[in-house]
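Chemist: Provided below are the primary sequence and the corresponding predicted coordinates.
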Amino acid sequence: MIGSLFVTGPAGTGKSTFCGAYKDWLIRNEYDAIIVNLDPGAEFLPYEPDIDIREFISLTDIMNDYSLGPNGAQIVAADLLLDNIDKIKSKLELYEDYYVIFDTPGQIELFSFRPGSTMLVKALAGQKAMLAFVADAIISQTPSGFISEKMLFGSVYSRFYIPMMFVLNKIDLIGSDRVKEISGWEEDPDILYDEFRDEKEDMIKDYFLNIIRSLKDSDIINKIFPISSKDMFGFEDIYTDMSNYFTGGEDTDTMYKDE
Ligand SMILES: Nc1nc2c(ncn2[C@@H]2O[C@H](COP(=O)(O)OP(=O)(O)OP(=O)(O)O)[C@@H](O)[C@H]2O)c(=O)[nH]1
Ligand SMILES: [Mg+2]
């Protein structure tokens, strides 16, 4: 692989839709890309996975074999991912000059907070791994929603400690003026703090001011990638960041292009 993007984030933020749309965008722009589905519980995927963990792990079998409900089975399945690394790796070897997009389970804690996940990322992608944290623009458009998404982002970052993008998905639902306001919070956390106070009607303590400041000081509040997976908008910036990281900005794929 040239590089990989592990796509994580809270349930329903559009991770799988993003994976499918971003792969299509890459291919449309003549970059080779595949998707690996790492969600054994996915019942429907908005794309055709090139490699699929469901070939090796069945949630229904786990529920039957271990007498578990769906949540317990998801936890066993997340741990069983590790036992299947070699099988996934041998399939990945067929895609030497490809970008690899990994779709991860809907429940963020299954991927981001299980001890095996950092090992999984290392084993599958080594140093060639980035993370995309997909947040929902509808939730992130309020100061409190934005702060909680950023804290979750920081929490995932502390687990993996590899380059990680804050991807604000579904911006088609909030409009460009709202996106500008959210970007303004990135640039000046004092504005975020003031608007947070307005939202909470001044009923807040320095506690939150300190949290916002420390998010800014730690660079957790720094850059957002506003996108719409529905409209395929904003993908260029994500690709630029990936390509800068993995290839130093050089297009190593030019040999696959017509021109
Ligand atoms: N308007 C709009 N809807 C979107 C966008 N991206 C995803 N959706 C919708 O959001 C819903 C959830 O999308 P998924 O891609 O399944 O989200 P997910 O994060 O993979 O969900 P889980 O894996 O179940 O956590 C679907 O109805 C998508 O059509 C977007 O950019 N704009
Ligand atoms: Mg999904």
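Modeler: Perfect, I can see it now. Ligands and ions are numbered 1, 2, ... in the order given.

Chemist: so who does the residue in the stretch 101-250 of the chain positioned nearest to ligand 2 touch?
Modeler: Going by CB to the ion, ligand 2 is nearest to residue 106 of the stretch 101-250 of the chain, at 5.1 Å. In this view, the C-beta of every residue, glycine as well, is placed from N, C-alpha and C. Counting by CB atoms under 8 Å, 6 or more residues apart in numbering, residue 106 makes contact with 11-12, 15, 39, 41-42.

Chemist: that one: what secondary structure?
Modeler: What DSSP: H, G, I helix; E, B strand; the rest coil gives for residue 106 is coil.

Chemist: kindly report the same for residue 167.
Modeler: Relying on three-state DSSP, one would call residue 167 strand.

Chemist: what segments of the stretch 101-250 of the chain are strands?
Modeler: Using DSSP state E, counting those that start in this stretch, the strands of the stretch 101-250 of the chain run over residues 129-136, 164-169, 224-226.

Chemist: just send those strands back as TSV, with mean pLDDT too.
Modeler: Listed next are the strands of the stretch 101-250 of the chain as TSV, based on pLDDT from 0 to 100:
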stretch	mean pLDDT
strand 129-136	96
strand 164-169	96
strand 224-226	95
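
Chemist: between these, which one is closest to ligand 1.
Modeler: Closest of these to ligand 1 is strand 164-169, at 5.0 Å (criterion: CB to the nearest ligand atom).

Chemist: quick one: is the closest one near ligand 1?
Modeler: Yes: counting by CB under 6 Å from any ligand atom, contacts between strand 164-169 and ligand 1 involve residue 169.

Chemist: specify the local secondary structure of residue 35.
Modeler: strand.

Chemist: residue 17 is in contact with that one, correct?
Modeler: No: contact criterion CB atoms under 8 Å: residue 35 and residue 17 do not qualify, at 11.6 Å.

Chemist: report the buried residues of the longest helix along the chain.
Modeler: Taking DSSP state H as the assignment, the helix of the chain that covers the most residues is helix 143-160. Across helix 143-160, burial judged by 16 or more other CB atoms under 10 Å covers 143, 145-147, 149-150, 152-154, 156-157, 159-160.

Chemist: with stretch 124-139 instead?
Modeler: Within stretch 124-139, judged by 16+ other CB under 10 Å, the buried ones are 124-125, 129-137, 139.
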